[in-house]
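1. heads up, no residue letters with this:
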């Protein structure tokens, strides 16, 4: 794991997010809010995984489509989903996901380093894996996803 990545062993609660058939998680303390309004304004010239920008109570929020970012199939209904809002470098950013499922408490012993490919998605987008008795949860490396995105647009 990179030194810039938050120490996932210290996560106490994770917010579970569904992206296609991939179950992801992120530190619940990073989540500012969850929006069911997925309407955005297209940003011309932006990468294809940038869904657009949204006006969230007077704040402009860049919305990134995690299905596209992870090269997963498009959703059958593009009007559904939820946007998880968080802050990155003093700016509000949102991840478009299929569904926000729940919040779970974690145990340090259940975290492992990310494998090379999590369901076909490159491990650079994940800081680790959390093992539940009936499933594996890929912990999103928000900084890794966004740093990589910044590098592609320069």
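-> Yep, it's here. Predicted, not measured: the structure shown is a model, and the values here were computed from it. Residues are numbered from 1 along each chain as shown.
2. could you pull out the strands for the chain?
-> 13-19, 22-27, 33-35, 50-56, 59-65, 82-88, 91-97, 99-105, 111-112, 117-118, 121-122, 126-132, 135-140 (DSSP state E).
3. low-scoring pLDDT stretches of this protein, where are they?
-> Applying pLDDT under 70 to the chain picks out residues 1-9, 117-120, 148-154.
4. rewinding a little: can the strands of the chain go into CSV with extra columns for mean neighbour count and distance to residue 44?
-> For every residue, glycine as well, the C-beta is placed using N, CA and C. What follows is the strands of the chain, written out as CSV (neighbours: other Cβ atoms under 10 Å; distance: least, Cβ to Cβ, whole Å):
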stretch, mean neighbour count, distance to residue 44
strand 13-19, 21, 25
strand 22-27, 22, 29
strand 33-35, 15, 23
strand 50-56, 19, 10
strand 59-65, 19, 14
strand 82-88, 19, 21
strand 91-97, 22, 18
strand 99-105, 13, 29
strand 111-112, 16, 40
strand 117-118, 15, 32
strand 121-122, 17, 27
strand 126-132, 21, 30
strand 135-140, 21, 27
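5. now render those strands as JSON lines, adding distance to residue 146.
-> Shown next, in JSON lines, are the strands of the chain (distance: least, Cβ to Cβ, whole Å):
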{"stretch": "strand 13-19", "distance to residue 146": "16"}
{"stretch": "strand 22-27", "distance to residue 146": "12"}
{"stretch": "strand 33-35", "distance to residue 146": "18"}
{"stretch": "strand 50-56", "distance to residue 146": "11"}
{"stretch": "strand 59-65", "distance to residue 146": "8"}
{"stretch": "strand 82-88", "distance to residue 146": "5"}
{"stretch": "strand 91-97", "distance to residue 146": "7"}
{"stretch": "strand 99-105", "distance to residue 146": "19"}
{"stretch": "strand 111-112", "distance to residue 146": "22"}
{"stretch": "strand 117-118", "distance to residue 146": "18"}
{"stretch": "strand 121-122", "distance to residue 146": "15"}
{"stretch": "strand 126-132", "distance to residue 146": "13"}
{"stretch": "strand 135-140", "distance to residue 146": "10"}
